[in-house]
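1. just need the structure, nothing else, for what follows:
(2 chains)
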Amino acid sequence: MKLGFALRLAVRESRHGFRRVGVYMAAITLGVAALVAIHSFRDDVARSVQEEADVLMGADARFEANRPLPDSVTHIIDSLSAAGVDVSRVTTTLSMVLAPKSGDVRLLQVQALQGGFPFYGEVETTPAHSWGRHAREGVALVDPAVLTQLQISLGDTLAVGRVRVPVVATVENTPTDLGYQTAVGPRVYVSQATLDSAGLLGFGSLARYAVYLRMPDEGARHALRQRYSSVLRATDVSFRLAEDQAHRLSNSIRFLGRFLGLVGLGALLLGGIGVASAVQVYVRERRPAVAVLRCLGADQWTVFAAYVVQAAALGLIGSGVGVALGAATQRVLPVLLAGVLPVPVSTRFSPAAAAAGVGIGVWVAVVFAFIPLLEIKDVPPLQALRQDFEPPRRRRDPWRIGAYSALLASVFLLCGVEAPETSVGLVFAVALLVTVALLAAVAWGLTRLTRRFFPTRASYPVRQGVSNLFRPHNQTLSVTLALGFGAFVVGTVMQVEGSLLDDLTVSFGQGRPNVLLFDVQKDQVDSLRTLLPASARAGLEVTPLIMSRITAIDGRTPAELRSDSMIPREERPRRWALRREYRNTYRAKLGSAETLVAGRWWDGTPAAGDSGRAVSAGDLVPVSLEEGIAQDLKVGLGDTISWNVGGMPVESVVTSIRHVEWSRLQPNFFAIFKPGYIDDAPQTIIMLARIPDPTRRADFQRALVHVFPNVSALDFSRVQEAIDSVLSRVRTAVTFLALFSALAGILVLVGALATSRLQRTREGALLKTLGARRTQVLTVLFTEYLALGTLATAAGLALAWIASAIMVPHVFQVTFHTHPVPLLVIWGAVAGLTLAVGLAGSRGLLRRPPLAVLREVPE
Amino acid sequence: MMIVAQGLEKTYTSGGRPLPVLRDIDLEVAPESFVAVVGPSGSGKTTLLGLLAGLDVPSAGRVVLDGQDLFALTEDERAGFRAERVGFVFQTFHLLPTLTALENVLVPLELRGGGRGLRSRATELLDHVGLGDRMHHYPAQLSGGEQQRVALARAFANQPRILFADEPTGNLDQETGAAIVAMLEELNREARTTLVMVTHDQALAERAHRIVRLAGGCIVADEEAGAPAPSADGTDSAAPRP
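-> Just a heads-up that it's a prediction; the model follows:
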């Protein structure tokens, strides 16, 4: 091989090559841009979260529970405080808050502060520096939304439970805020003393009790966790360090990042296919020149090397442009996702992401270009004498096998690295390969079927167009692969995205209750019913909540179960399931989101597809468990569970297991007791009502706060709005990145059609020479492109649908829903694009005299 | 002998059936001679040229070119051999469209390697074919005759021992074609190259020393032509007769 000559040739050739390989470069550019943007953005978020770890928590460590902290923990906190550690107490609950001036009420979060929280970061208020006044002076601060929702201004008072507090300032920005935290309701900030006298912290109220510590010495706080771990484990208090929280946050965002990574990978692989088809066209054009070079004595590797060098160089340039585009995109993402991200994300050019982008870009460019380029090496010098000479193809060319293996390995490697988990990446890679194989099968079937069922009666141009699909040198395989694969990637991204967003979108639906009343006491139910508008009374759902804890399973206490060395660790009941506080209920009927999977319901109805083993309860309370919790507790039909229900012991036996659709927004339960046994246990009630008219809903809430100040009402339509605004941002960001895939897909299409453009142009010119009119030539082309476009896209989308239906439940663990509209839109768009691009490529042919075309276009 | 072909056969497979194109060709070509290969379309002229130049592999027989058994070499060794000792002129010129006239002439020189002076040699050659002022033009900017002159310059760049020409005037008008042939003959004489030319132009063939006629894949006639062959000792006897 003569490397010097190869390099010189590469440089000279590339002077002319650039225009033709624009598609090639653009494909790589898009893929690299998507990857670099996503990688850098991921780095940005992770770095910002880590940097802001203490600010995010507002402290160095936190104790937290959903009930007042037990004495054992309070003792620890007191001793820390005595040792000089800064301690601050924050209690948050939900309550209806009334503005006496306007008469408006809203369900708000009431956050009570004692001490100097947050220890890190600045809370911005209007007027400035007002943070802390509420803790000291017994006044209230509010989120700005409170002012608008309740139609009050600074200086007015709010009625929170039994107390009235003046509002002195608004809180513009707290460093500890996660964007979605205000979804439940904007906040009112008061002092711990105010909250206590408001009387909101009754039995069963939804409150979080937190104590924050300032312990800047990392060693000290780790030692603290070490020392008290056994004390804490005996309680349900969580103890978390700032760095743990940041770590968990980055993890949850990393998942989003990884999903985006797959989107980027899709764009890059599409780019690879674009490269392959562009190079194929290029190689076809260069064959005569290569044959001459071989005649002149260049050996096959020298010529081959010259073109590999060109591929790598163009890959490098394409990747470089991609890095620049990606860096620009990186700056757009935090803007699109503002309000979803936990911290203000500062973008920083990431040399690692850029280097990875260039590396991956060049690698993909070369690996995908390699296979068509191998043809260069096999161009026989004899072709200089005889253009129609085709050497017999060598079977099992080791280079070809090597090139395909390298391509396969690269796809697996890239998928493995980019996917949320390696196993997901492997599944993704296998799915891609199966797709390519199936598309090839579809193309083969198409050529066979059109030949078999040839439309012999159709007009000549249509017959000519159809026969283009199967005659020698047809483009059916390459276009089906490229188009089908493009449609597959874009279709899959859209289907998965749709299902993920569906899962996040809590559907309140038509006719569903839209007001949730909670903290209702049992004796208030009847009078509350009369307070509701008459239309809402019939559909009212009343559900009791019974706070319960497990004291024993089959007679053995949680501690015994956890420490039983006879049982392998993974077969012991889960700690959290044994320890948690259960909100159980009793009810006569199975809910609409529930199906029985084992045992029998109270009335004897057996589980579907199960013999419905009947468990006789004896004098124990029959209980129905949700299947997941039954698994975590390692219990089945006939096992007994002992509960502590508000101090009262209850012995129950599992008589059925239920499957629950948790994503439906309605009260669902791990354990349901049969009515008639524990109906008198201490309980609070939640009620679901439907009040469609917004004015009536507001009237009802106003009345409610006067008559039953302890009852809170949650207006779902507000929650819906808050969730929708967060989701629409996620959707925008994902769609934005999917755009890269779509653009790469279009490039692939252009590249695939270009592979046969010269041939089609020449044929068209010949047809015109023989007397074909323009419309006839157009019909030939139209028929071929329409058939290819519609069939290949349909095949790709069908495969996308199947892949999503498999991937969504198994990889993302979300229920799969078909989204036919995007599929149809892609189908129409791609088929239309195929026609447009195909016909646009032939416009010169149609406009100009045939001889001019024939003279220009080589055979 | 410069070229010795013995028992040369070439059979292609077409539609699963063997299609013999050349049968049992024996041919010897003396150094510095000018041989025209003529015959009707499909008689096997181009196939024979391809085999003699080592561009294709015969089904049977052997070719010894300038003392080297071509098919005892690997594909790449044959390429190296061509770079050293063989030149080509094609009917369709086959200049590399992406290279300038000068760069086209440089290709065989650079392929063979060999340090400095390549550029001046290429320039000299282009001057010699009368294109000194068009060196930096691309093939598309040159007329057919000019392109073929560049091709001649390229063919002689390496001072090859043997030159193969495939219908070198086939794509040119008569006048331009005659000029090209005159130039070819002149270069051939100066460089003392052995020239094998495929043509079906009888007038052109008459200018060779010897005419080999092919029909149906066999040599049907092998005759002295109008021009005298060089003497066996290699001295130039192609001077015009009195």
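2. which SS class is A:Val623?
-> With DSSP: H, G, I helix; E, B strand; the rest coil as the basis, A:Val623 sits in strand.
3. any idea how far it lies from B:Ala157?
-> 96 Å (C-beta to C-beta, to the nearest Å). Yep, even glycine has a C-beta here, placed from its N, CA and C like the rest.
4. also A:Asn584?
-> Here the criterion is C-beta to C-beta. By it, A:Asn584 lies 95 Å from B:Ala157.
5. check contacts around the residue of the stretch 601-750 of chain A found nearest chain B.
-> Closest residue of the stretch 601-750 of chain A to chain B, C-beta to the nearest C-beta: A:Val750 (22.4 Å). For A:Val750, the contact set (C-beta atoms under 8 Å, 6 or more residues apart in numbering or on different chains) comprises A:23, A:837.
6. so where does it fall, helix or strand?
-> Under the criterion of DSSP states H and E, A:Val750 resides in helix A:716-754.
7. kindly confirm my reading that A:Ala440 is in a helix.
-> Yes. Assigned with three-state DSSP, A:Ala440 falls within a helix.
8. ok so, going back, so which bits of whichever helix or strand comes after the helix holding A:Val750 are buried?
-> Note on helix A:716-754: by DSSP H and E, the next helix or strand toward the C-terminus is helix A:757-769. Buried residues in helix A:757-769, counted by 16 or more other C-beta atoms under 10 Å in any protein chain shown: A:757-765, A:767-768.
9. send the alpha carbons of stretch B:34-45 over as CSV?
-> Only the C-alpha atoms of stretch B:34-45 are listed here, as CSV (Å, rounded to 0.1, in the frame of the first residue of the first chain):
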residue,chain,number,x,y,z
PHE,B,34,3.3,-2.0,-33.2
VAL,B,35,0.6,-4.6,-33.4
ALA,B,36,-3.0,-3.8,-34.3
VAL,B,37,-5.7,-6.2,-33.1
VAL,B,38,-8.8,-6.0,-35.4
GLY,B,39,-12.0,-7.9,-35.7
PRO,B,40,-15.8,-7.4,-35.6
SER,B,41,-17.7,-6.6,-32.4
GLY,B,42,-17.8,-9.5,-30.0
SER,B,43,-14.8,-11.2,-31.6
GLY,B,44,-12.8,-11.0,-28.3
LYS,B,45,-10.5,-8.0,-29.0
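10. not counting it itself, show me its contacts.
-> Contacts of stretch B:34-45 (C-beta under 8 Å, 6+ apart): B:10, B:21-22, B:29, B:48-49, B:185, B:188, B:194-200, B:202, B:204-205, B:207-217, B:220, B:225, B:227.
11. stretch A:448-467: end-to-end distance?
-> End-to-end distance for stretch A:448-467: 11 Å, by C-alpha to C-alpha, to the nearest Å.
12. to clarify, my last question referred to stretch A:148-166.
-> Using C-alpha to C-alpha, first and last residues of stretch A:148-166 are 16 Å apart.
13. surely A:Ala406 meets A:Phe368?
-> No. Using C-beta atoms under 8 Å, A:Ala406 is not in contact with A:Phe368, being 10.1 Å away.
14. one step back: the contacts of stretch B:34-45: which ones sit near chain A?
-> Applying C-beta under 8 Å from any C-beta of the partner chain to the contacts of stretch B:34-45, one finds that B:Leu49 fall near chain A.
15. from the contacts of stretch B:34-45, which would you call buried?
-> For the contacts of stretch B:34-45, a burial check counting by 16+ other C-beta under 10 Å picks out B:10, B:21-22, B:29, B:48-49, B:185, B:188, B:194-200, B:204-205, B:207-214, B:217, B:225, B:227.
16. now the host helix or strand of A:Val490: average pLDDT?
-> Here A:Val490, judged by DSSP H and E, is contained in helix A:476-504. Average pLDDT, helix A:476-504: 79.
17. distance from the centroid: which residue in chain A tops it?
-> The centre of chain A is farthest from one residue, A:Leu385, which by C-alpha atoms, centre = their mean lies 58.5 Å away.
18. pLDDT value on that one, please?
-> A:Leu385 is assigned 78 on the pLDDT scale.
19. any idea how far it lies from A:Pro288?
-> Going from A:Leu385 to A:Pro288 by C-beta to C-beta gives 11 Å.
20. same deal with A:Pro622?
-> Note on A:Pro622: its distance to A:Pro288, by C-beta to C-beta, is 86 Å.
21. could you report the pLDDT at the most centrally placed residue in chain B?
-> By C-alpha atoms, centre = their mean, the mean C-alpha position of chain B lies nearest to B:Phe164, the distance being 1.1 Å. Reported pLDDT at B:Phe164 in the predicted model: 93.
22. you'd agree it is up against B:Gly87?
-> Yes. Judged on C-beta under 8 Å, B:Phe164 makes contact with B:Gly87 at a distance of 7.2 Å.
23. closest residue of the stretch 51-200 of chain A to chain B?
-> Sorted by distance to chain B under C-beta to the nearest C-beta, the residues of the stretch 51-200 of chain A start with A:Glu51, at 53.0 Å.
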